[in-house]
Every structure is written in structure tokens, then in C-alpha cells.
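Chemist: sequence first, then the predicted structure:
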Amino acid sequence: MMGSNMIDLGHFRRLILAIGTGLLLAGCQLIPQVDAPTSPPPPTTSQQPGPVTSGDRSPPPIPRGNTTTPAPLPQDTDARHRIALLVPTSGPNARVGESIANATTMALLDTNAGNLRITTYDTADDARGAARRAVAEGNQLILGPLLGSNVDAVVAEARPVGIPLISFSNDVSVASPEVYLMGVSPAQAVARTVQFARSQGSRNYGALVPDGEYGRQAELALIAALRSVGGSLVATERYSRNEGSAASAARRLRARGGFDTVMIADSPRLAIAAAAELRAQGSLSPRLLGTELWSGEADLPTASVMDGAMFSAVSDGRYRRFSESYRNRFGSSPYRIATLGYDSVLLALRVAGGSWQPGTPFPTRELTAQGGFLGLDGAFRFQTDGNAQRALEVREVRDGQVVVVSPAPEAF
């Protein structure tokens, strides 16, 4: 497939174009679903068993409740690659997991992928048990889990038999040479935004970061980005994740001064509360930067204090078509993260078209090809440490709208 350690992105672009046409012409067979917001709910540690096979031409139902009898081993291991999808399909995160599972089914249908067999295992109560069943049933690749907190449990079963994970998490602390993360990390988004802001004249930065691991990652990402492009972090304030605490931190930061740009590493709701203090009447009006948490949030452009704020995200160019097709098929809107499920199938399909033979170990080395992959969310490639590098666009809030001010690169 990649004798030169490069992936043919031209071929991948043709595949994406064909998929785009397929999305427009997709059938309307429905799986009843509930409406889903654009952002997943907070992580939870609850998990539950139950495999579902989704390698055939029609979308499978999502099981509900406990499944105590393991599914029999399939008889087609010589013809199809066996892939496990580990996501919650019950419990608090069920809607997110089901959205990802539906997206993987869409990818199989849109590509006519007769050489892949994907089986879904519910991780809502016992992630390790789900992984144990996936290994016992002959899967050679695991897509998932959704939550970074479940990665260690899954790896405990997958590592001894050499099965890699392509997780939907963005928690860089769980990445490794055997765990590849599809999610957009704070570091990626911050680095892209800071690079662009620097080109627009930003030099001295303040930072508002919430307590906890996410805030820590965002702060470290800002420091690394400034070291790379040139600039100074002159003041940082931390706070608990509530509006009153965010506003108080913003007032303290404003009093310290000395900055022309401020990064607010939090959700739009808390960012708006902080921005109102940073841009209070008679005070300085710094440029505001955010993280990937701002993507897809409707409240952001409607708040006048956010005018001119910038952040980075994966392109939504193909997502709109995907979302329309998803609604036609499943009767509800997908979670934004569902595209990671779709793209993980495209990735597996690309590798399956090369040197990977059914029933043999997945060729993990091909995941780190320098040429990368192309999916609904644009170009991406995995680094040897398991983190993904993504081609991100920079967006700006302008006159009540969010506009793209620096398009995502098409390739690396």
C-alpha cells in the first residue's frame, strides 16, 4: 500500500468525493433515535456489555439493556476484516455512542465496504469486559473507546495480543504507540490559533484557564505555542468552572494588564462571562482566543462581547452534507463527534485495501505514514506517540456570525 511510507491522498480525495455523492443519494432506512445536541455530555465511568454486528448492507438496530450471552464467532473471518467498535450504547453517554455507531454504519454503506465487519460492544458498565469479548471474538482492530478514562481498561486486554486502539478521545495523557487518538486536543487548536494571531500582530498574552486537567493542558499548549512562534505569556489567572469564578478571574487579569491578547480555555458560556469583564466599558479591549470547545456553539456569535474572538476547529465543509444524510437515515441529528466514527472506518478501509489480509494482525505501522489520511473532518495523521495532527481552520466571530479567516490546509 505504502512502499514509500506515504498514503495516496489523491486517491483518498476521490474516495471522499464519491462518498459526498453517496451521502446526497443515500437511502432513508431509519433507526429510531432521539435528538442529539452538538456536544457530548460530560464523561462518565459507567459501562455495559452487548455486541452488535454491523458489517452487512443494512443498518443494524442498537441493542438496549444487558446482553449476557456472547455472540457466536462469525464464519466469514477469511473474507472480511474483523473490527470492534467500543462505545457506550446505554447509560448517560448512550446517545453519543449510538451516534458514533450509526456513523460507522453509514461509512460502510457509503463505501460499499464488503471487506469489513464491524461489531459494536457496549462499554457503559464494563469497558474491560467489552474489550475482553472483542479480543475473544477475533477482532484485530479496536475503534474506541469514547472516554479517555476507559483507555487503560481496554488496553489491558488489547496490549497482550497486539491489537491497537483508535480512540475517539482527545485526552493526550492516554495516547501511546498503541493508542491513537482521533479527537482534536487543546494543544492542536491552541497552536493553530496562536500561530494565526501572531501573524495578525498579537504578542503579549494573558490566559484564563479553569482548574483541572483540561485547563492544565491548554495552558501548557499556550506556552509551547508562544515559544514556537514568538510571544510572551505575561499573566495567568485560574478559576473554578462557574460563571462567577470566571468573571472574577477576568477582573483580576484585567487589573494586572500588560497584554494585547487573552486566551480563554473554556466553554462559550464561561468565556462570554469572562469576556464581559475583560471588555468592560472604559477598559482595554484585548483580542480574545478560544479553544476547540467553541466549535459549533450557537451562543458564541450572538454575544457582542465576543466580536473579533478567534478559535480553531476542523472544517465543517463536509459535515453539513454528512449531517443531512444522517438525519435522512436515522431520523435525528448526529453529535458532532460522530464524524470521528465515520472517518475511523475510512481509515480502516484504506489500510484494508493495502497489505492487511483478513485474519492477520492490523499493520499498525501504516497509521503513522507521513502522508496522512483524508476524512470528513479534513486531513489528519498520527504521530508515533499516538496523538493526531489535524489540519484545522481558524474562525472569527464577526458581526454576529462565525467566519473562516484562515482555511484548513488540504494536506501535510
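Modeler: It's in.
Chemist: start and end of stretch 245-264, how far apart?
Modeler: Across stretch 245-264, the terminal residues are separated by 13 Å (Cα to Cα, to the nearest Å).
Chemist: what about residue 117, which SS state?
Modeler: strand (DSSP: H, G, I helix; E, B strand; the rest coil).
Chemist: residue 192 sits in which helix or strand?
Modeler: Residue 192 is located in helix 186-199, with elements delineated by DSSP states H and E.
Chemist: partner strands of whichever helix or strand comes after that helix and their direction?
Modeler: Beyond helix 186-199 on the C-terminal side, the first helix or strand identified by DSSP H and E is strand 204-210. Strand 204-210 has the following sheet partners, assigned by DSSP bridges: strand 232-239 (parallel), strand 261-264 (parallel).
Chemist: most tightly packed of those?
Modeler: strand 261-264 (a mean of 28; mean count of other Cβ atoms under 10 Å). C-beta coordinates here come from the backbone N, C-alpha and C atoms, glycine included.
Chemist: list the contacts of the next helix or strand after it.
Modeler: Tracing the chain C-terminally past strand 261-264 and defining elements by DSSP H and E, one meets helix 268-278 next. Under the contact criterion Cβ atoms under 8 Å, 6 or more residues apart in numbering, helix 268-278 has outside partners 208, 210, 241-244, 246-247, 249-251, 253-254, 262, 264, 266, 284-286, 288, 290, 293-294, 297, 299-300, 303, 305-306, 309.
Chemist: emit the ChimeraX select command for whichever of those residues are buried.
Modeler: Under the burial definition 16 or more other Cβ atoms under 10 Å, those of the contacts of helix 268-278 that qualify are selected in ChimeraX by:
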select :208,210,246,247,249,250,253,254,262,264,266,286,288,290,293,294,297,300,303,305,306,309
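Chemist: returning to that earlier point: who does the helix holding residue 192 touch, helix- and strand-wise?
Modeler: Other helices and strands packing on helix 186-199, by 3 or more Cβ pairs under 8 Å, 6 or more residues apart in numbering; DSSP states H and E, are helix 213-229, strand 261-264, strand 287-289, strand 310-313, strand 388-390, strand 393-398.
Chemist: let's see that helix as PDB, backbone CA atoms only.
Modeler: These are the backbone C-alpha positions of helix 186-199, laid out as PDB (Å, rounded to 0.1, in the frame of the first residue of the first chain):
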ATOM      1  CA  PRO A 186      -6.500  21.500  23.100                       C
ATOM      2  CA  ALA A 187      -2.800  21.600  22.100                       C
ATOM      3  CA  GLN A 188      -3.700  21.400  18.400                       C
ATOM      4  CA  ALA A 189      -6.300  24.000  18.500                       C
ATOM      5  CA  VAL A 190      -4.300  26.400  20.600                       C
ATOM      6  CA  ALA A 191      -1.200  26.100  18.500                       C
ATOM      7  CA  ARG A 192      -3.100  26.800  15.300                       C
ATOM      8  CA  THR A 193      -4.900  29.800  16.700                       C
ATOM      9  CA  VAL A 194      -1.800  31.400  18.300                       C
ATOM     10  CA  GLN A 195       0.100  31.000  15.100                       C
ATOM     11  CA  PHE A 196      -2.500  32.900  13.200                       C
ATOM     12  CA  ALA A 197      -3.000  35.500  15.900                       C
ATOM     13  CA  ARG A 198       0.800  36.100  15.900                       C
ATOM     14  CA  SER A 199       0.600  36.800  12.200                       C
END
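Chemist: between it and helix 213-229, how big is the angle?
Modeler: Between the axes of helix 186-199 and helix 213-229, defined by axes from the mean of the first three to the mean of the last three Cα atoms, to 10 degrees, the angle is 40 degrees.
Chemist: can you pull the buried residues of helix 186-199?
Modeler: Neighbour-count burial for helix 186-199, counted by 16+ other Cβ under 10 Å, picks out 186-194, 196-198.
Chemist: same question for stretch 204-223.
Modeler: Neighbour counts using 16+ other Cβ under 10 Å place 204-210, 214-219, 221-223 of stretch 204-223 among the buried residues.
Chemist: for these, work out which two are farthest apart.
Modeler: 204 and 214 (24.0 Å; Cβ to Cβ).
Chemist: let me know the helix or strand that the residue lying closest to residue 161 once chain neighbours are set aside is in.
Modeler: What sits nearest to residue 161 in space, not counting adjacent residues and going by Cβ to Cβ, 6 or more residues apart in numbering, is residue 135, at 5.7 Å. Under the assignment given by DSSP H and E, the secondary-structure element containing residue 135 is helix 127-136.
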